[in-house]
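Colleague: 3D, please:
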Amino acid sequence: MKKTVLIIEDDETASEIMEVVVNKLKLESMTSTYCLPLRDIQFLVPDMILLDHQLGDKSGSELCLSIKNNEHTNRIPVIIVSASMDIKKISRQCHADDYLQKPFTPNELEEKIKRHLR
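Modeller: Numbering: from 1, shown residues only. Now for the predicted structure:
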């Protein structure tokens, strides 16, 4: 069974790049352009989440904190993605497993996915 990566990203270009990289790695991708409720993530049970920090009026980092504080989802690796210069600090505060600074290259994303899905 293929591992699944949940992409939560409202920027269409970034989302498409993420999907291409995930599919290149022969992983299944699921994509959302809005912040999903925690119960939906529990239902989907992804193997990894690529999560935009700023999702319209919602905060990806708040969702990440909820994921990491929930006993059913806290083992799912979450990579926070943002153009914010404070992304390293933000990722620590919400207990993300890693972060990816925008703009990013497909190779950077591929390395982070491989590192956390070993």
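
Colleague: other SSEs contacting the helix or strand Met18 falls within?
Modeller: Assigned by DSSP states H and E, Met18 falls within helix 12-24. With contacts taken as 3 or more C-beta pairs under 8 Å, 6 or more residues apart in numbering; DSSP states H and E, helix 12-24 sits against strand 4-8, strand 28-32, strand 48-52, helix 106-116. (C-beta placed from N, C-alpha, C; glycine too.)

Colleague: can you tell me what sits against it?
Modeller: 5, 7, 9, 28-29, 31, 33, 50, 52, 81, 102, 104, 106, 109-110, 113 (C-beta atoms under 8 Å, 6 or more residues apart in numbering).

Colleague: if we can go back for a sec, so which of the helices and strands packed on helix 12-24 is the most packed in?
Modeller: For the helices and strands packed on helix 12-24, the largest average neighbour count (mean count of other C-beta atoms under 10 Å) is found in strand 48-52, namely a mean of 27.

Colleague: please compute how far it lies from its chain's middle.
Modeller: How far strand 48-52 lies from its chain's middle: 1 Å, per C-alpha atoms, centre = their mean, to the nearest Å.

Colleague: for stretch 87-95, same thing?
Modeller: 13 Å.

Colleague: go on, stretch 80-95?
Modeller: Centroid displacement of stretch 80-95 relative to its chain, using C-alpha atoms, centre = their mean, is 12 Å.

Colleague: can you give me the end-to-end span of that stretch?
Modeller: 10 Å (C-alpha to C-alpha, to the nearest Å).

Colleague: contact partners of it?
Modeller: Outside stretch 80-95, the residues that touch it by C-beta under 8 Å, 6+ apart are 9, 14, 50-54, 60-62, 64-65, 68-69, 96, 98-104.

Colleague: filter the residues you listed down to the ones in strands?
Modeller: Leu50, Leu51, Asp52, Gln54, Asp98, Tyr99, Leu100, Gln101 (DSSP state E).

Colleague: hang on, the fifth one packs against Ile79?
Modeller: Yes. In this structure Asp98 lies within contact range of Ile79 using C-beta atoms under 8 Å: 4.6 Å.
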